[in-house]
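[1] how would this look folded up:
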Amino acid sequence: LWTAAMAKEIDPEIKTILGGQHFTALAGETLARFPQVDAVARGEGEQTLAEFVEACRGEGELSEVNGLSFREGTAVRHNPERPLICDLDTLPYPAYHHVAEHMKGYYFALMAELEEPFAIVEGSRGCSHNCSYCSQWRFWTGRQRSKTPRRVADEIEHLHEEYGSRFFWLTDDDLNLGEWTSMLCDELIGRGLSDEVTWFTQARCDNIVSHRDLLPKMRRAGNIWMLVGFDTPHAEALEGFRRHGIDESSSKEAVELLRSNDIFSQGTFIIGERHDTHESIRAIREYADHLDPDIATFMVLTPFPGTEIYETARENGWIESDEWGDFDMIHAVMPTESLTVEEVQEEIYDCYRSFFGSRTRRYSALFSSNPITKRTYRYMAKQAILANLRGLLL
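    Have a look, this model is predicted:
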């Protein structure tokens, strides 16, 4: 929204269009509230954006662009939905050549060394699960579609050879740990890329456990970091989140399997569920200590537009902030039945302090045989992240 406003200040004739999960869910509200926005591309946006540009050039009509919402006089018009792209392999690579001069300077200091430029690659879109706090599955209409493993390996190879990228973040919401991932690993190993690049991905703990035999191949293919959502030990909350298949047994085993295969584990946990109390959040902290992932990320339950949790929270008047910048899983915007927003916010700090304040954990990590674990904790110590955490979060 800020960028759109800046564009209009430069030249009011510039056409602005926004897209993604947030604006798809709030297309009408966005166009009604923010005059700097001319249109919203709802859902999958590549073809909608291309046709919008053509219409702005006089080569078509806005009313004929499926998936587009725009102003028509004082009213907001919503064109019919656009069907999903059948073959994702038909999409071109992102226009990396427009930012070529910056590619080698783009890195993620927490995850990779300075000599390991960072790039993002998409293997699939959507998710076959339907977690109540997630907007992704609704945005992609409950389907998961994948590019072919060869196409993904081609893009990784292109980024490595043309721009020097060495660390890759696979954006898949839930990596398919079956045949697809096995074939991707074969591509990376067969091309010799496994000796040149490393990569991060995220997967469910039950999938990790059921595909344990695939983990050694993934590590050989360069997978060094995996994010896993453990959420909470509380069965009622997991049921409300619709996190079927996630439990203490599979979560603990997933951490152990990743560690035994020398894959760095990042576990995520959620606080601020409607029934959370100081005591239940203390149990989440203890759960994180028990599972013992290499690193823990604690997140505040956030009612993202497009989720069932947002709809419920909005209907009940639970949301206490109208600043979209606060909807970042760090800042609390909802109270629980027994905790104020301020108390939930303080709890997120206490979660981090509890996990990373452990001297045993910090010292073990600093001298770990896993170079990723050692580097990550040394980076955190050097940046004094724990000491400054309250200021970073609040």
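
[2] all contacts plus neighbour counts: C-alpha atoms, from now on.
    Will do.

[3] what ranges do the strands span in the stretch 1-150 of the chain?
    17-19, 39-41, 68-72, 75-78, 118-121, 124-126, 144-146 (DSSP state E, counting those that start in this stretch).

[4] which of those strands sits most buried?
    strand 39-41 (a mean of 28; mean count of other C-alpha atoms under 10 Å).

[5] hang on, the earlier thing: can you put the strands of the stretch 1-150 of the chain in a markdown table and add mean pLDDT?
    Formatted as a markdown table, the strands of the stretch 1-150 of the chain follow (pLDDT from 0 to 100):
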| stretch | mean pLDDT |
| --- | --- |
| strand 17-19 | 98 |
| strand 39-41 | 98 |
| strand 68-72 | 95 |
| strand 75-78 | 96 |
| strand 118-121 | 94 |
| strand 124-126 | 94 |
| strand 144-146 | 93 |
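
[6] now render those as JSON lines, adding distance to Ser251.
    What follows is these, written out as JSON lines (distance: least, C-alpha to C-alpha, whole Å):
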{"stretch": "strand 17-19", "distance to Ser251": "35"}
{"stretch": "strand 39-41", "distance to Ser251": "38"}
{"stretch": "strand 68-72", "distance to Ser251": "42"}
{"stretch": "strand 75-78", "distance to Ser251": "43"}
{"stretch": "strand 118-121", "distance to Ser251": "27"}
{"stretch": "strand 124-126", "distance to Ser251": "23"}
{"stretch": "strand 144-146", "distance to Ser251": "23"}
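
[7] among the ones you listed, which is nearest Pro371?
    Minimum separation from Pro371 across the strands of the stretch 1-150 of the chain (C-alpha to C-alpha) falls at strand 118-121, 17.6 Å.

[8] can I get that closest one as PDB, trimmed to CA atoms?
    The C-alpha trace of strand 118-121 is given here as PDB (Å, rounded to 0.1, in the frame of the first residue of the first chain):
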ATOM      1  CA  PHE A 118      20.600 -16.800  -1.500                       C
ATOM      2  CA  ALA A 119      17.800 -17.400  -3.900                       C
ATOM      3  CA  ILE A 120      14.100 -18.500  -3.700                       C
ATOM      4  CA  VAL A 121      12.700 -21.200  -5.900                       C
END
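
[9] what's it packed up against?
    Using 3 or more C-alpha pairs under 8 Å, 6 or more residues apart in numbering; DSSP states H and E, the elements in contact with strand 118-121 are helix 149-163, strand 167-170.

[10] the last one pairs with which strands, parallel or anti?
    In other words, strand 167-170. strand 118-121 (parallel), strand 198-202 (parallel) (DSSP bridges).

[11] the following helix or strand past it packs against which elements?
    Once the chain leaves strand 167-170, the next helix or strand it forms, by DSSP states H and E, is helix 179-190. When contacts are defined as 3+ C-alpha pairs under 8 Å, 6+ apart, helix 179-190 sits against helix 149-163, helix 215-220.

[12] among the ones you listed, which is nearest Ser321?
    Nearest to Ser321, of these and by C-alpha to C-alpha, is helix 149-163 at 39.6 Å.

[13] please point out which parts of stretch 367-381 sit buried.
    Neighbour-count burial for stretch 367-381 flags 372-379 (criterion: 16 or more other C-alpha atoms under 10 Å).

[14] what's the closest of the residues you listed to Val197?
    Ile372 (14.0 Å).

[15] sec struct for the closest one, please.
    helix (DSSP: H, G, I helix; E, B strand; the rest coil).
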